[in-house]
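> Kindly generate the corresponding structure for this input.
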Amino acid sequence: MQKTTFRIRRKIILAFLFSVLAVLVFATLSFQVHREIGRRLRLVEWADDLVNNILEIRRFEKNLFIYQQASSLSEARYYLERAEGSYTSHQQETEQETFKMKKGVKPPVFLATLAKYRQTLTRIEPLLLRPNQGERNLSASPEGEALRNLGQELLSMAERWAKEERLAIDRLFLRAMYLFFISILVFVFLGFLVAGYISRILVRPLFQMQQYMDKIAHGDFTPIPESEGTSAEFNSLFRAFNRMIQELEHHQEQVIQSGKIAAIGTLTSGIAHELNNPINNIVLTAEALKEDFTQVDPEEALGMIQDILVQSERASGIVKNLLDFARSEQPEFELLSVAMAIKDTLKLVQNQMVLSGVEAHWDIPPDTPLIMGDPKSLQQVFLNLFINAIQAMKDGGILTVRVQPAGNGQPQLKVEVSDTGEGIRPEDLPHIFEPFFTTKQVGRGTGLGLSVSYGIIRKHGGSIEVKSQPGKGTTFTVSLPVAEAEEKAA
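Residues are numbered from 1 along each chain as shown. Sure, this is the predicted structure:
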């Protein structure tokens, strides 16, 4: 049992670890994507800053051409230094990822262009207007044309880098979205997979065990079948459970036998009175034959001997019925007549009814259908019901047995056993089928009769119910399924 529990626990832990591993894989992928998005956002900020610096360079470049002031040249150099510093602060990261673009723009090109732009500014500086000199059109000069071209090239490269970074971020967001939906689908699939796996190895077998436990509670000791779809651990558990069922069934048979002995003990006084009559007749006839043996003619002596034999057979029959009823046997289901079982049981309690002043009435149709059952077990059920009814009518009364067909779906036979006794208190009704529960005085009942009867009827596929009113009597209703055509043919 401990090994089985350990194996089941190990499988559940493995299923849990597999789910946790899947979560960790997707969490790692999601972390990497979000970390890359964060890095790309920083690069976008850098690219935007680089573009802004180059735009400032171009603005002061334009002022330089328009106003030809040295201050514009100084500002252009200032922002040129900022652009170069911004680039060099991200040079390693830029050279690794950012500038590996399909268009072939590489970091050395940008650095070379910055150097050329600085050199061109240096050549333009002597051409600026000096005091007492005429104006000169710098924008039309070769140096001005080269400066504009280099500035435009720097701006184009910076804008392309910023655009590429934004596109990379869009692709990362799209990847994150795909990863999110894929993870949902995978987790849903894993959820169904793990739930199905746990259901197969744990929930379904446990539910199956619960069903069979409910059957055991109702007297059905059918063993749990082992199947290929069930895990080896639960098949081992089922085998242990089936061994327990066998033991329970064996002990229930012992309880039923104890119930029989208890019922026989209750019948002792009536049986003793019933046996006393034929024994007294035998003794009196034998003594008369002995005293008048020489005077009695052979024909009369033969009649007296025949009377002794009849009374002996009567006593022997009583003892035989008791022995048959008390014998411990495995129940064997066969086609039987409920009417015959009831009448045989009434014979056992005949003297008990006479001594208690109870009159028996019965309504049993002659065409009562047959049932599949064990005669001795059903006889024990009816005996328990009859004895309870007789003991409930302390001052005498009427014991009524009524048999009638019933059932809307499967045909059933309903047997009602009613008495006019003292009835059962409402607070005791829910407990009367519990083992060892009794309302009788000490020594008059064991509390097993109705519990055993309940188990026997459930084992026959039937049910037993009770209705009672204190002071008016009690009615027990036993419902038993009618034998089907195939069973009758067999």
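
> Any idea how far apart the tips of stretch 402-415 sit?
6 Å (CA to CA, to the nearest Å).

> Please point out which parts of that stretch sit buried.
Judged by neighbour count using 16 or more other CB atoms under 10 Å, the buried positions of stretch 402-415 are R402, V403, Q412, L413, K414, V415. All C-beta spots, glycine's among them, are computed from the backbone N, C-alpha and C.

> Which residues does the helix or strand the first one falls within contact?
R402 belongs to strand 397-406 when assigned by DSSP states H and E. When contacts are taken as CB atoms under 8 Å, 6 or more residues apart in numbering, the neighbours of strand 397-406 outside the stretch itself are 338-339, 342, 346, 353, 357-365, 368-369, 386, 389-390, 393, 411-421, 473, 479, 482.

> and if we set it to 7 Å?
Applying CB atoms under 7 Å, 6 or more residues apart in numbering, the contact partners of strand 397-406 are 338-339, 342, 353, 358-365, 368-369, 386, 389-390, 411-421, 479.

> Put the buried members of those into a ChimeraX selection.
Here is the ChimeraX command that selects the buried residues among the contacts of strand 397-406 (16+ other CB under 10 Å):
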select :338,339,342,353,358,364,368,386,389,390,412,413,414,415,416,417,418,419,420,421,479
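
> R425 sits in which helix or strand?
Using DSSP H and E, no element contains R425; it sits outside every helix and strand.

> Go ahead and confirm it touches P470.
Yes. Taking contact to mean CB atoms under 7 Å, the distance of 5.9 Å between R425 and P470 places them in contact.

> Between the buried residues of stretch 402-415, which sits nearest A140?
Using CB to CB, Q412 comes nearest to A140 of the buried residues of stretch 402-415, at 117.8 Å.

> Quick check: bridge partners of the closest one?
Here Q412 sits in beta bridges with A406, P481, going by DSSP bridges.

> per-residue confidence at it?
Residue-level confidence at Q412 comes out at 86, pLDDT.

> what residues are up against it?
Under the criterion of CB under 7 Å, 6+ apart, the contact partners of Q412 comprise A406, S479, L480, P481, V482.

> same thing but at 8 Å, please
Q412 makes contact with P405, A406, G462, S479, L480, P481, V482, according to CB under 8 Å, 6+ apart.

> quick one on the thing from earlier: quick one: which of the contacts of strand 397-406 sit in helices?
Judged by DSSP state H, helices contain the following of these: V338, A339, I342, M353, F386, A389, I390.

> Lowest pLDDT pick from those residues?
M353 (83).

> thinking again about what came up before, can I get the buried residues of stretch 402-415 in JSON lines with distance to A140?
Formatted as JSON lines, the buried residues of stretch 402-415 follow (distance: CB to CB, whole Å):
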{"residue": "R402", "distance to A140": "130"}
{"residue": "V403", "distance to A140": "129"}
{"residue": "Q412", "distance to A140": "118"}
{"residue": "L413", "distance to A140": "123"}
{"residue": "K414", "distance to A140": "122"}
{"residue": "V415", "distance to A140": "126"}
